[in-house]
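In: Structure, please.
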Amino acid sequence: MIDTTRRLLPRCLPSLRLLRTVGAAFVVVTMVSACGAKQPTAKSDSAQAISPMTDMPDMKEMPGMSKRPTDSASVAAGTVTLSAAELKNGVIRWESASERAIAGSVELPGRITTNEDHSRRLGALTEGRVLTVHVSPGEHVAIGDRLVTMQSQQAAMVLSDKSKGDAEVNSRKAAAAYSRSARDRAERLLALKAIPRQDVERAVADDELAQAALAQAQAELARVKSVIAQLGVESVAGQIVLRAPIAGVVTSRDVMPGAVVMAGMPLITIADPTRLWLSVSVPESDAATMRVGMRLRFVVGAAARDTFDARIQSVSGTFDSLTRALPVRAVVADARGVLRPEMFAKVWLVQANQRAITVPDSAVQRVGNALVVFVARPNANGGATFTSRPVDIGVTQLSRTAIVRGLAVGDLIVVTGAFAVKSQLLRSSMPKMEM
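Out: Numbering: from 1, shown residues only. The predicted structure follows:
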């Protein structure tokens, strides 16, 4: 059997090679057919996997992010739309703008300045060298607080004079005590007729001279002590300490440690921040109405929602030659510390009653750097669209604020819930980003 196989194997090898070639070709054809059949399915699956990414409209703007509008409001340049449910939840109501009688006013520019009646500009009382500056601008100080410490030769000389004065007074006191005892003894001996009257008169004269010398020495010592108190000398080293004469805020510091100053050179300025001046330039047309004690009302940019009062303290007797306006100065009491010197103010001169559009104080809101009210436009679904309207305000009376510019009679103004509208406007204007 084995021999027969060996004989037939060489004859069968070509046939086996042919079968192997045909089999390989068949396998290849089969695989190609299978791949061709599955290729459309794979492409379809890939397209389905990619389509959600390509269909996202915001992918071109920010890859990997999607921006979706808020559900409660749609915003377009200061406008927000609220549904009926949101109006109910925010307790938002509006009414038509109308004119009311309110005290008339004339708007004038003004400026807040330091009240010089309640400020102190402190200078050096003598020549010296600055050792320490204890305060900085803007710092609050109380009466008696240390401001500047100086070294002065004059202070050392005054201390020396005080020591000499103390010694002189002590010496004169001893001499006066002796002369007084000698006088008393002489008077007793005269009563006993043991000495002549001439000796008694001499003792009396000596006593009077001693008492006069003592009084002179004491007066000189008091003068030296007064100079020491005025200079603020507080130690034997000749140091002068400048202390705060009033409570207030340091508005300027004109010296630094190590500087040599002369007498009269400014060092520190202190002002009472609760008492200020309001300077107003009144035109000729209104100058005749200005009276001392007249009330003024004003606002400043840093606190536009607050209205401040002032009383005229003085009215100038002449007009300014350049502006042709009458300088008027009013006193302002600012217990809260809101105002600062050199602030610009919008001032109203309160006059007779007149009619103006007024809104509740809560209707005026601040959005950014502007004061606005919200104008409502109701829709058919029970909701409303609100538009922020910049306005200029006037005087405030009985919790109502006069609108100088920005509103017209008949505008629907949000009078309740204006803060809720403002919150929705700010929230809806911020895009909500999601991964």
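In: Which pLDDT does the model give Pro327?
Out: We note a pLDDT of 92 for Pro327 in this prediction.
In: element containing it?
Out: Counting by DSSP states H and E, the element that carries Pro327 is strand 325-333.
In: Name every strand pairing with that strand and say which way it goes.
Out: Strands that pair with strand 325-333, judged by DSSP bridges, come out as strand 275-283 (antiparallel), strand 308-315 (antiparallel).
In: which residues of the chain fall in helices?
Out: In the chain, the helices defined using DSSP state H lie at 2-54, 84-89, 153-191, 197-231, 284-287, 418-428.
In: by contact count, what packs against the fourth one?
Out: Which is helix 197-231. Helices and strands touching helix 197-231, by 3 or more CB pairs under 8 Å, 6 or more residues apart in numbering; DSSP states H and E, are helix 153-191. Bear in mind the C-beta positions are built from the backbone N, C-alpha and C, glycine included.
In: elements contacting the helix it packs on?
Out: Here helix 153-191 touches strand 128-133, helix 197-231, going by 3+ CB pairs under 8 Å, 6+ apart.
In: Distance from the strand holding Pro327 to the middle of the chain?
Out: Put simply, strand 325-333 sits 23 Å off its chain's centre (CA atoms, centre = their mean, to the nearest Å).
In: Equivalent analysis for stretch 364-377, please.
Out: That offset, for stretch 364-377, works out to 23 Å (CA atoms, centre = their mean).
In: End to end on that stretch, go ahead and measure it.
Out: 18 Å (CA to CA, to the nearest Å).
In: Please identify the buried residues of it?
Out: By 16 or more other CB atoms under 10 Å, the buried positions in stretch 364-377 come out as Val364, Gln365, Leu371, Val372, Val373, Phe374, Val375, Ala376.
In: quick one on the thing from earlier: now the strands paired with strand 325-333 as CSV including mean pLDDT?
Out: Listed next are those as CSV, based on pLDDT from 0 to 100:
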stretch, mean pLDDT
strand 275-283, 91
strand 308-315, 91
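In: Which of those has the highest mean neighbour count?
Out: Per residue and on average, the most neighbours among the strands paired with strand 325-333 fall to strand 275-283, with a mean of 20 (mean count of other CB atoms under 10 Å).
In: quick one: contacts for Asp145?
Out: By CB atoms under 8 Å, 6 or more residues apart in numbering, the residues touching Asp145 are His134, Val135, Arg243, Ala244.
In: List only buried entries from those.
Out: His134, Val135, Ala244.
In: Report pLDDT for the residue nearest to the first one when sequence neighbours are not counted.
Out: Leaving aside its sequence neighbours, His134 sits nearest to Arg146 (CB to CB, 6 or more residues apart in numbering; 4.6 Å). The score at Arg146 is 92. That number is its pLDDT.
In: how deep is Arg146 tucked in, by neighbour count?
Out: A count of nearby residues for Arg146, using other CB atoms under 10 Å, gives 16.
In: Kindly report the same for the one 3 residues further on.
Out: Under the neighbour criterion other CB under 10 Å, Thr149 is assigned a count of 19.
In: got the contact list for the spatially closest residue to Val331 that is not a sequence neighbour?
Out: Among residues not flanking Val331 along the chain, Gln313 sits closest, at 4.8 Å (CB to CB, 6+ apart). By CB under 8 Å, 6+ apart, Gln313 lies in contact with Trp277, Val292, Arg329, Ala330, Val331.
In: One more pass at 7 Å, please.
Out: Each residue near Gln313 by CB atoms under 7 Å, 6 or more residues apart in numbering is listed here: Val292, Arg329, Ala330, Val331.
In: Next: Thr387.
Out: Gly78, Thr79, Phe374, Val375.
In: If we use 6 Å, what do you get?
Out: Residues counted as contacts of Thr387 (CB atoms under 6 Å, 6 or more residues apart in numbering) are Thr79, Val375.
In: Pairing partners for it in the sheet, please.
Out: Assigned bridge partners for Thr387, using DSSP bridges, are Thr79, Val375.
In: Now do it against Val375, distance only.
Out: 5 Å (CB to CB, to the nearest Å).
In: what domains does the record give for this structure?
Out: Domain ranges of the chain: 2-55, 79-113+274-434, 121-152+242-271, 153-232, per automatic domain parsing.
In: Need the nearest residue in space to Glu99, chain neighbours excluded.
Out: Arg355 (4.4 Å).
In: Could you give the number of residues near the one you found?
Out: 12.
In: got it, and Arg305?
Out: Arg305, neighbours per other CB under 10 Å, totals 13.
In: and the buried ones among the contacts of Asp145 as JSON lines, adding pLDDT?
Out: Below are the buried ones among the contacts of Asp145 laid out as JSON lines (pLDDT from 0 to 100):
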{"residue": "His134", "pLDDT": "94"}
{"residue": "Val135", "pLDDT": "93"}
{"residue": "Ala244", "pLDDT": "93"}
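In: Wait, Ser314 touches Arg329, no?
Out: Yes: applying CB atoms under 6 Å, one finds Ser314 in contact with Arg329, separated by 4.9 Å.
In: and Val141, what does it touch?
Out: By CB under 6 Å, 6+ apart, the contact set of Val141 is Ala244.
In: With Glu139 as the reference, measure out to the closest residue in space to Phe308 that isn't next to it in sequence.
Out: With CB to CB, 6+ apart as the criterion, Phe308 has its nearest non-adjacent residue at 5.6 Å, and that residue is Phe298. Between Phe298 and Glu139 the computed distance is 28 Å (CB to CB).
In: where's Phe374 relative to Pro257, distance?
Out: Noted for Phe374: a distance of 56 Å to Pro257, by CB to CB.
In: Please read the previous query as pertaining to Ser428.
Out: Where Pro257 is concerned, Ser428 sits at a distance of 56 Å (CB to CB).
In: do Ser281 as well
Out: In terms of CB to CB, Ser281 sits 42 Å off from Pro257.
In: how about Tyr342, phi and psi?
Out: That one is not Tyr; residue 342 is Glu. Torsion angles at Glu342 (phi, psi; degrees, to the nearest 10) stand at phi 70, psi 10.
In: For it, report the pLDDT, please.
Out: So, for Glu342, pLDDT stands at 89.
In: before we move on, the earlier item: isn't the residue nearest to Phe308 right up against Ala345?
Out: Yes: under the criterion of CB under 6 Å, Phe298 makes contact with Ala345 at 4.4 Å.
In: Touching both of the two, which residues are there?
Out: Common neighbours of Phe298 and Ala345 (CB under 6 Å, 6+ apart) are Gly110.
In: Show the model's pLDDT score for the nearest residue to Val255 once chain neighbours are set aside.
Out: With CB to CB, 6+ apart as the criterion, Val255 has its nearest non-adjacent residue at 4.8 Å, and that residue is Leu267. For Leu267, the model assigns a pLDDT of 94.
In: number of nearby residues for the nearest residue to Ala420 once chain neighbours are set aside?
Out: Nearest residue to Ala420 in three dimensions, chain neighbours excluded: Gly90, at 3.5 Å (CB to CB, 6+ apart). Neighbourhood size, Gly90 [other CB under 10 Å]: 18.
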